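> give me a 3D structure for the following:
(one chain, ligands or ions: 1)
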Amino acid sequence: MKKLVVLTGAGISAESGLKTFRDSNGLWEEHRVEDVATYEAWVRNPALVLEFYNQRRKQLYEVQPNAAHIALAKLEEKFDVQVITQNVDDLHERGGSSQVMHLHGELKKVRSTADPNLVYTLDGWELKLGDKCEKGSQLRPHIVWFGEAVPLIEEAAVLSSQADIFIVIGTSLNVYPAAGLLNYVPGNTPKFLVDPNASPMPWIRNLTIVKEKAGSGVPKIVDELLQKD
Ligand code: OAD
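Numbering: from 1, shown residues only. Below is the predicted model:
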């Protein structure tokens with residue numbers, strides 16, 4: 001089976017109703033990264049950080065996977081599909097994908113501030129000050145904040161280097177190290193980029209740019225790949 005690796009960002013979930021970060025009206029226009037998505041912010045004002053992620057989590061329970069998430073799951077009929085996502089939502093899983101790596105963490109999980117290996121699935125949407133792990137330490141969102149290490153990046157780089165087909169969907173490719181994964185994909189591997197605002201990337205070989213929203217562009221590519229290979 002050919003290995004098909006997919007790298008996704010906030011754009012794939014936009015049509016489900018979740019805001020992206022850097023588009024106009026995006027999340028980083030309403031909130032400053034330094035106030036809600038860094039370890040320093042957590043130390044300074046944990047209540048504000050919890051509220052930001054509680055709102056994101058609450059909204060996640062109100063939205064559904066869209067045609068792009070569902071189409072990607074269909075690829076598993078013919079390919080060994082590995083999704084590498086920067087998204088903290090669970091729409092790939094709910095859309096039916098079985099191998100999903102969350103580079104930046106997962107909204108529905110929380111972890112101990114004392115022991116990063118103590119990770120729990122939160123019941124409901126609200127994490128509060130005073131909610132503690134089994135060792136008695138405050139729980140924090142299971143999110144990779146700016147300035148923190150991305151523990152899964154090496155594994156993601158290896159997967160990218162093994163890709164027979166590589167698809168990038170809905171990411172501005174602004175945030176490293178995730179944005180650098182394209183550099184690990186072999187030059188002769190066919191690559192697709194689905195993003196209505198994509199700019200040309202002439203330094204990437206064998207790249208087809210599909211300037212469409214994920215909900216229409218992804219099902220088209222998926223149908224093509226399922227017919228061809
Ligand atoms: P961005 O908000 O930076 O980029 C979203 C991309 O999605 C843009 O390139 C848009 O053009 C595109 N887009 C918008 N609507 C779309 C649609 N319907 N279909 C397809 N594409 C669409 O989001 P990311 O690249 O995911 O990290 O951001 C990367 C990381 O920065 C996030 O994981 C998050 C953020 O800060 C953390 O919070 C640690």
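
> quick one: buried residues of stretch 63-78?
65, 66, 67, 68, 69, 70, 71, 72, 73, 74, 75, 78 (16 or more other C-beta atoms under 10 Å). (Each C-beta comes from the backbone N, C-alpha and C, glycine too.)

> ends of that stretch, what's the gap?
Terminal residues of stretch 63-78 lie 28 Å apart, using C-alpha to C-alpha, to the nearest Å.

> what's in contact with that stretch?
Residues from elsewhere that reach stretch 63-78 (C-beta atoms under 8 Å, 6 or more residues apart in numbering): 1-2, 4, 6, 12-13, 15-18, 81, 83, 89, 91-92, 94-98, 169-170, 194, 214-219, 222-223, 225-226, 229.

> out of the residues you listed, who's near the ligand?
Restricting these to those adjacent to the ligand (criterion: C-beta under 6 Å from any ligand atom) gives 15, 170, 194, 214.

> keep only those of those that are in strands.
Counted as lying in strands by DSSP state E, out of these, are residue 194.

> can you name the two of the ones next to the ligand among the contacts of stretch 63-78 that sit furthest apart?
With C-beta to C-beta as the measure, no two of these lie farther apart than 15 and 194, at 11.9 Å.

> residues of this structure that sit close to the ligand?
9-11, 14-15, 20-23, 26, 37, 86, 104, 144, 170-172, 174-175, 194-197, 213-214.

> how about residue 109: what's its closest non-neighbour residue?
residue 142 (3.8 Å; C-beta to C-beta, 6 or more residues apart in numbering).

> in a strand, the one you found, correct?
Yes: assigned with DSSP: H, G, I helix; E, B strand; the rest coil, residue 142 falls within a strand.

> that one: neighbour count?
Other residues lying near residue 142 total 23 when counted by other C-beta atoms under 10 Å.

> OK, contacts around it?
Going by C-beta under 8 Å, 6+ apart, the list of residues near residue 142 reads 105, 106, 107, 109, 110, 111, 119.

> so the fifth one: helix, strand or coil?
The local conformation at residue 110, judged by three-state DSSP, is strand.

> pLDDT score assigned to it?
With respect to pLDDT, residue 110 has a value of 98.

> what's the answer for the first one, then?
According to the model's per-residue confidence, residue 105 sits at a pLDDT of 98.

> quick one: the residue lying closest to it once chain neighbours are set aside from residue 167, how far?
Excluding the flanking residues, the one nearest residue 105 by C-beta to C-beta, 6+ apart is residue 143, at 4.1 Å. For residue 143, the distance to residue 167 (C-beta to C-beta, to the nearest Å) stands at 25 Å.
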